[in-house]
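Asker: just a sequence and a predicted model for now, questions to come.
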Amino acid sequence: MKNYQAPNQFLANKIIMVTGATDGIGKQAAIHYASYGATVILLGRNTRKLEMVYDEIEGLGYPQPAFIPLNLQNTAPEQYQQVAEVIEKEFGRLDGLLHNASDLGLLSPIEHFDEETWFRVMQVNVNATYLLSKYCLPLLKKADKASMVFTSSGVGQQGRAYWGAYSVSKFATEGMMQVLADELEKTTIKVNSINPGATQTKMRANAFPGEDPQTLPTTEAIMPAYLWLMDLEQLESHGQAINARDFLS
Ligand code: NAP
């Protein structure tokens, strides 16, 4: 899938929600989807940052976005149900859902891993993703074709010392994607995961403080894979772990 060229305005009239849309890859993906015509629903925990991304998209003349403040540390299922109810009321369906938000937690041997941090990472990266998937599935089923994308990581495919809760949560993410893909085999919903690979973001800098970010691809450089996964007219991939690096030119 190298050299994928997204067709002009191919996301016109599509409704796509991006979690963790306030920074890094999620923010870039939201702006990119909007630039191709999508109405994006920005989900994040920081209202001020949500408003800034909203203003940026509006200022660029792209379709008016929407935003939903939600901290994914929140464990109450009703909060996630309400997100789906708001989308149902405003838009009636969802064409795409990019599960992008994640909590890195901290790097530590499991023997000494801080318990509170472990639970928080599992809540944000696994439980919240499950709850949002569960309540948004009826909305995705209302679209002619839909795409759900889970965000993985290299340490979600091969365990690595000290990556603790984050690594385990990404294995769970790959598992959730595979289970859901199997369940939705006979539907019009495509389910895949994406591993962005090392990318210039705040999370990467926190994990590798000594690394020169300039040596890494930018969030913009990895967007072809993110666009391809929302190209519902062409997308046949289902139940697959996609590497954004395979799309780099
Ligand atoms: P990032 O720059 O740190 O952005 C993470 C986003 O998630 C931010 O919008 C952040 O909100 C949001 N978020 C975190 N905790 C949240 C919570 N409790 N509730 C709601 N939103 C929350 O990270 P990134 O590098 O773009 O990562 C994006 C995805 O790619 C993640 O799933 C990550 O695991 C994956 N990934 C990244 C790399 C890499 O090298 N960058 C490599 C492999 C995988 P705030 O703006 O409020 O902080």
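Answerer: Arrived safely.

Asker: list the contacts of the spatially most central residue of the chain.
Answerer: With distances taken as CA atoms, centre = their mean, the residue of the chain nearest its centroid is residue 100 (2.3 Å). Applying CB atoms under 8 Å, 6 or more residues apart in numbering, one finds that residue 100 lies in contact with 18, 19, 20, 21, 25, 26, 29, 151. Quick note: C-beta positions are derived from backbone N, CA and C, even for glycine.

Asker: which one of the residues you listed is nearest the ligand?
Answerer: Among these, residue 20 lies closest to the ligand (CB to the nearest ligand atom), at 2.7 Å.

Asker: so what's the residue count around the closest residue in space to the closest one that isn't next to it in sequence?
Answerer: Nearest non-adjacent residue to residue 20, counting by CB to CB, 6 or more residues apart in numbering: residue 101, 2.8 Å away. By other CB atoms under 10 Å, the residues close to residue 101 number 26.

Asker: which secondary structure element contains residue 101?
Answerer: In this structure, residue 101 is located outside every helix and strand according to DSSP states H and E.

Asker: tell me the pLDDT at it?
Answerer: Here the pLDDT value assigned to residue 101 is 98.

Asker: any idea how far residue 95 is from it?
Answerer: Shown here: residue 101 relative to residue 95, a distance of 19 Å by CB to CB, to the nearest Å.

Asker: same question for residue 53.
Answerer: To residue 95, residue 53 is 19 Å away according to CB to CB.

Asker: for the residue nearest to residue 20, give me its contacts.
Answerer: Contact partners of residue 101, counting by CB under 8 Å, 6+ apart, are 19, 20, 26, 43, 44, 72, 124, 128.

Asker: again with residue 200
Answerer: Applying CB under 8 Å, 6+ apart, the residues near residue 200 are 213, 214, 216, 217, 218, 219.

Asker: kindly report the same for residue 120.
Answerer: Taking CB under 8 Å, 6+ apart as the test, what residue 120 contacts is 73, 103, 105.

Asker: out of those, which is nearest to residue 61?
Answerer: Within the contacts of residue 120, distances to residue 61 taken as CB to CB reach their minimum at residue 103, with 33.5 Å.

Asker: next, give phi and psi for residue 240.
Answerer: The phi/psi pair for residue 240 (degrees, to the nearest 10) reads phi -110, psi 150.

Asker: next, count neighbours for it.
Answerer: If you count neighbours by other CB under 10 Å, residue 240 ends up with 16.

Asker: which SS state does the nearest residue to it once chain neighbours are set aside fall under?
Answerer: Once flanking residues are discounted, residue 240 sits nearest to residue 192: 5.0 Å by CB to CB, 6+ apart. Classification of residue 192 using DSSP: H, G, I helix; E, B strand; the rest coil returns strand.
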